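Student: Sharing a sequence plus its predicted fold:
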Amino acid sequence: MLLAKRPQEMFPTTLIDNFLNDEWVKSLYKKVATSPAINVMENDAEYELEMAVPGLSKEDLNVQIDENCLNVSMEKKTESEQKCEKKNFLRREFSTQQFCRRFELPENVDKDKITAKVENGVLKIVLPKVITAVEKQQPKVITVG
């Protein structure tokens with residue numbers, strides 16, 4: 001068996017490399033940089049869209065229809081400030097979170113009857129379908145003579 005000598009690294013890892021490769025930092029970046037997960041369901045009467053929005057209230061969310069698209073967006077700003085008079089210390093932190101999702105609506109959606117509500121960290125948008133005259137007609141029975 002032949003043993004191979006492994007070369008030393010040319011550039012040893014630094015504190016910054018360790019910080020940037022830390023799993024906690026990667027998970028934090030993923031949480032801030034991604035859009036929320038969605039579920040889309042359909043039945044005979046409507047489409048239903050559910051979006052995970054934990055920690056958000058209805059004031060943080062903006063739902064609009066622009067032409068034939070449903071736009072769901074959010075922007076939340078947080079600020080915190082800590083002061084310590086004894087040591088002349090001041091720390092102020094702020095962050096902004098935002099996302100925007102755009103969905104093209106099918107032609108059979110009744111745009112005037114769309115509803116949305118937030119409950120238990122889930123935004124639920126109901127998109128009722130337009131009931132056309134053809135769908136309202138009952139089947140006609142023809143007797144065979």
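Tutor: That came through, no problem. Numbers count the residues shown, from 1 in each chain.
Student: only C-alpha atoms for contact and neighbour calcs from this point on.
Tutor: Will do.
Student: burial count for residue 44?
Tutor: For residue 44, the count of nearby residues is 8 (other Cα atoms under 10 Å).
Student: Just give the closest residue to residue 101, not the sequence neighbours.
Tutor: residue 72 (5.2 Å; Cα to Cα, 6 or more residues apart in numbering).
Student: Now do the strand or helix carrying the one you found: everything it contacts.
Tutor: Residue 72 belongs to strand 69-84 when assigned by DSSP states H and E. If you take Cα atoms under 8 Å, 6 or more residues apart in numbering as the criterion, strand 69-84 is touched by 60-65, 89-105.
Student: what about burial for the residues you listed, which qualify?
Tutor: Among the contacts of strand 69-84, those buried by neighbour count (16 or more other Cα atoms under 10 Å) are 61, 63, 65, 105.
Student: I'd like those residues laid out as a markdown table, including pLDDT.
Tutor: Formatted as a markdown table, the buried ones among the contacts of strand 69-84 follow (pLDDT from 0 to 100):
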| residue | pLDDT |
| --- | --- |
| 61 | 90 |
| 63 | 92 |
| 65 | 90 |
| 105 | 89 |
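Student: Tell me which two in those residues are the farthest apart.
Tutor: Distances among those were taken as Cα to Cα; the most separated pair is 61 and 105, at 19.2 Å.
Student: Contacts only, for the residue nearest to residue 114 when sequence neighbours are not counted.
Tutor: Excluding the flanking residues, the one nearest residue 114 by Cα to Cα, 6+ apart is residue 127, at 4.9 Å. For residue 127, the contact set (Cα under 8 Å, 6+ apart) comprises 46-49, 109-111, 113-115.
Student: May I have the residues that are in contact with residue 125?
Tutor: Residues near residue 125 by Cα under 8 Å, 6+ apart: 48-50, 114-117.
Student: Write the ChimeraX selection for whichever of those are buried.
Tutor: Burial among the contacts of residue 125 is assessed by 16+ other Cα under 10 Å; the matching ChimeraX selection reads:
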select :48,49,50,114
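Student: Out of the contacts of residue 125, which sit inside helices?
Tutor: Judged by DSSP state H, the contacts of residue 125 include no members of helices.
Student: Make TSV from the contacts of residue 125 and add distance to residue 140 and pLDDT to it.
Tutor: Formatted as TSV, the contacts of residue 125 follow (distance: Cα to Cα, whole Å; pLDDT from 0 to 100):
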residue	distance to residue 140	pLDDT
48	32	94
49	35	93
50	38	94
114	32	92
115	35	93
116	38	94
117	40	93
